[in-house]
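*Asks:* quick one, fold the following:
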Amino acid sequence: MKFFNFSIQTYHRFVLIVHSQQSSLRSISLYKKIIFIQWLSSPFLILPLIINEQIVYQPGSFVCQTSFSNKIGFFYLFFVSYTIPIIFILTLHISIAHYLKKYWHFRRHQRLTGTDIGYPLQRLALTTLISIISYLPYGVFFVIEHLRVPAFPYAQKLAMIFAAISFASTMTFILGFNRSVRNSCYLIRYRTERTIIRCIIQ
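*Replies:* Numbering: from 1, shown residues only. This next block holds a predicted model:
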């Protein structure tokens, strides 16, 4: 679900930058339909695993998941919940980067600078990189499992925590690179400091 949510955000960013004149592609009603379809279809994505009893209790991590020793279940989940969204995200990010590069070359005689294009490209690069490595522990633990190395305790839980932190980091980076968010934070901090100083003086 994390990467499907991130895919919707990437789509919104893509439409906002590349197809900014087509408001119908980013209407509220369209996003409602996309989110509804996403939530409606999500249970059906893991239904084959549930029917075939591929999701089992993992005693070491105290979670119910597909075991790392289950190749079919692991590759199915990896493909559905990670590979498809990542390909979609990468495709849109590459399209955005290509558009920004063309836009900068076309408008460089104006007051646009490399920084104006650099910030969006940095944001795209960081969010894409974090998204790619977020499920890296799953792949590492899967390989370790099939190399007949002794099982790592709490492997499933550690992989889940790493994926959650990576997704949270992605959102933090997106907010951090947003100038309006940074300016609002600076303004709040400035007002807070002024209020504290005023209270101390009085």
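
*Asks:* which residues touch residue 24?
*Replies:* Counting by CB atoms under 8 Å, 6 or more residues apart in numbering, residue 24 touches residue 30. Just so you know, the C-beta spots here come from the backbone N, C-alpha and C atoms, and that holds for glycine as well.

*Asks:* for residue 10, see how far away it is.
*Replies:* 19 Å (CB to CB, to the nearest Å).

*Asks:* what's the answer for residue 184, then?
*Replies:* The gap separating residue 184 from residue 10 is 23 Å, by CB to CB.

*Asks:* next: residue 18.
*Replies:* Distance, residue 18 to residue 10, by CB to CB: 12 Å.

*Asks:* of the two, which one has the most company?
*Replies:* For residue 18 versus residue 10, neighbours defined as other CB atoms under 10 Å are more numerous around residue 10 (23 against 17).

*Asks:* Three-state assignment for the residue most central in space within the chain, please.
*Replies:* Closest residue to the average C-alpha location of the chain: residue 6 at 4.4 Å, with CA atoms, centre = their mean. What DSSP: H, G, I helix; E, B strand; the rest coil gives for residue 6 is helix.

*Asks:* quick one: pLDDT of it?
*Replies:* Looking at residue 6, its pLDDT stands at 79.

*Asks:* tell me which residues touch it, please.
*Replies:* Residue 6 makes contact with 85, 89, 131, 167, 170 under the criterion CB under 8 Å, 6+ apart.

*Asks:* in a helix, residue 50, correct?
*Replies:* Yes - the assignment for residue 50 by three-state DSSP puts it in a helix.

*Asks:* can you get me a residue count around it?
*Replies:* Count around residue 50 with other CB under 10 Å applied: 10.

*Asks:* quick one: it from residue 147, how far?
*Replies:* Per CB to CB, residue 50 is found 29 Å from residue 147.

*Asks:* ditto for residue 65
*Replies:* Distance from residue 65 to residue 147, counting by CB to CB: 20 Å.

*Asks:* with neighbour numbers in mind, choose between these two.
*Replies:* Between residue 65 and residue 147, residue 65 has the larger neighbour count (other CB under 10 Å), namely 21 against 7.

*Asks:* okay, and the closest residue in space to the more buried one that isn't next to it in sequence sits in which element?
*Replies:* Leaving out its chain neighbours, the residue that sits closest to residue 65 by CB to CB, 6 or more residues apart in numbering is residue 156, at 5.3 Å. Using DSSP states H and E, residue 156 sits within helix 155-176.

*Asks:* so where's the protein uncertain?
*Replies:* 1, 60-61, 104-121, 149-153, 170-171, 173-182, 190, 193-194, 196-202 (pLDDT under 70).

*Asks:* redo that, cut-off 90
*Replies:* The chain contains residues with pLDDT under 90 at 1-35, 37-202.
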